[in-house]
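S.K.: Here's a sequence, model it:
(chains A and B)
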2 protein chains.
Amino acid sequence: MHPRRASHCCPELDHVHLDYKMRGLSDHSFRLSQLTVVLCVDHLVIYLLLLLDFESPEGAVSNPEFFNYGVEAYEAFKKGALTSDIIDEQKKVQEADLVIFQFPLYWFSMPAILKGWMDRVLCQGFAFDIPGFYDSGFLKNKLALLSLTTGSTAEMYMKTGVSGDYRYFLWPLQHGALHFCGFKVLAPQISFAPEIASEEERKAMVASWAQRLKTIWEEEPIDCTPPWYFGQ
Amino acid sequence: MHPRRASHCCPELDHVHLDYKMRGLSDHSFRLSQLTVVLCVDHLVIYLLLLLDFESPEGAVSNPEFFNYGVEAYEAFKKGALTSDIIDEQKKVQEADLVIFQFPLYWFSMPAILKGWMDRVLCQGFAFDIPGFYDSGFLKNKLALLSLTTGSTAEMYMKTGVSGDYRYFLWPLQHGALHFCGFKVLAPQISFAPEIASEEERKAMVASWAQRLKTIWEEEPIDCTPPWYFGQ
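M.R.: Predicted structure coming up:
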């Protein structure tokens, strides 16, 4: 496709070592919210955005030789050493019978800050374990519901529309995250394209949501398996 | 499902108004990275995590009455008023023929910090416009590739596995984000479950990736439409 590039692309990635232990690690705290490393290998510039955002109040990273966020969060959970903001959020989840996530759809998913909530709060030990996921997930007696607004219209999110069936983009969120943690998932509440809707249409969207909430406890969860999302 | 709750759930959400203009807004800067509002409506506690993370160096929010991140980013782009970190990232994208996203799969998606990169960098005006998306997206002469590691095994990501076909979770990322911006998408590079693989298997994963990169410019993109993801 780019024949002019064929001659100078042979990065030997396997001998690249990043000694990130030298950067930002100390005995008492660990917080690297963003670390960009630029590698130049034979005309190919590679930007590595290291994805670390972890704070251990006790400074006890269980494996300083090989940082793994999921493992560190799991170890911190077991020791009661998670940061207080995460513990506070976990308490809210623990007390809830139904968790409603309300958000605008960004890139067929949640906005990053809400994704960060999921990455940090729903940690191993709290929300699941291995084994202990999907129908055996630790939040299995709770309900979850995604209530979201889209930029595109309902027509674009039909099976034959340019953006495909709206159920397609729900799979990672509803099955990969919520169901994995054991949540029973209620049908999503989707308000399509409120930005270009009339005032009357917007009021109808809110009214229908408010109406639904009155009987929300009577609803049965969806069957959160591939046929619901992709058909038979 | 929760009959004991049926009697006290009738929130009137439509008359809730949040005057967030009072919090953190000034004439010269706007940065609300996280604002949690707690509403108590008839025994139902609702936590609203307001999803704002926007910095306008000119303090010129185009519509202070109704904050919309996408609109503000679009306006800032057109005025050249985006923050320098975003402009720097957009320059890197603009200069690239191929953008490789390397990440560990978190909740069937990117880690939040990388999702934040997409939310902020691929803004309207830069990466797409209306019209000007999917095959007409502004990055249409570029290639993109997702290279990711998973926690689960390849067997779990088969069509009949508990996590469903791995192509299912690629839909929002490859189609909803990359293709929407015009990128041609190369086949993903997935290294399944390196954490539980042997040292030999891990070396083979890296070697196969390095081998592939040698001829990456000769590859043809996938047909980024529903049949690739979900079959016919």
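S.K.: Where do the helices of chain A begin and end?
M.R.: Using DSSP state H, the helices of chain A run over residues A:69-79, A:84-95, A:112-121, A:166-170, A:199-214, A:226-230.
S.K.: what would these look like in a markdown table with distance to chain B?
M.R.: No exception for glycine: its C-beta is placed from N, CA and C like everyone else's. What follows is the helices of chain A, written out as a markdown table (distance: least, C-beta to the nearest C-beta, whole Å):
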| stretch | distance to chain B |
| --- | --- |
| helix A:69-79 | 7 |
| helix A:84-95 | 6 |
| helix A:112-121 | 3 |
| helix A:166-170 | 5 |
| helix A:199-214 | 5 |
| helix A:226-230 | 5 |
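S.K.: got TSV for these, with mean pLDDT, distance to B:Val93 and mean neighbour count too?
M.R.: Formatted as TSV, these follow (pLDDT from 0 to 100; distance: least, C-beta to C-beta, whole Å; neighbours: other C-beta atoms under 10 Å in any protein chain shown):
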stretch	mean pLDDT	distance to B:Val93	mean neighbour count
helix A:69-79	91	26	18
helix A:84-95	91	32	14
helix A:112-121	91	17	21
helix A:166-170	98	23	22
helix A:199-214	94	34	13
helix A:226-230	97	31	17
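S.K.: how close does A:Arg212 get to A:Gln189?
M.R.: Noted for A:Arg212: a distance of 7 Å to A:Gln189, by C-beta to C-beta, to the nearest Å.
S.K.: Kindly report the same for A:Thr160.
M.R.: Counting by C-beta to C-beta - A:Thr160 and A:Gln189 are separated by 23 Å.
S.K.: swap in A:Pro227?
M.R.: 21 Å.
S.K.: More neighbours: which of A:Thr160 and A:Gln189?
M.R.: Counted by other C-beta atoms under 10 Å in any protein chain shown, A:Thr160 and A:Gln189 do not tie: A:Gln189 has more neighbours, with 18 against 8.
S.K.: Hmm, A:Leu213 and that one touching each other?
M.R.: No: look at A:Gln189 against A:Leu213 with C-beta atoms under 8 Å: they stay out of range, at 9.0 Å.
S.K.: What residues are bridge-paired with A:Ile190?
M.R.: Going by DSSP bridges, A:Ile190 is paired in beta bridges with A:Leu148.
S.K.: For it, give me its contacts.
M.R.: With contacts defined as C-beta atoms under 8 Å, 6 or more residues apart in numbering or on different chains, A:Ile190 is in contact with A:Ser147, A:Leu148, A:Thr149, A:Thr150, A:Tyr166.
S.K.: which one is the last one nearest to, not counting chain neighbours?
M.R.: Spelled out, that is A:Tyr166. The shortest distance from A:Tyr166 to any non-neighbouring residue, by C-beta to C-beta, 6 or more residues apart in numbering or on different chains, is to A:Tyr157 (4.0 Å).
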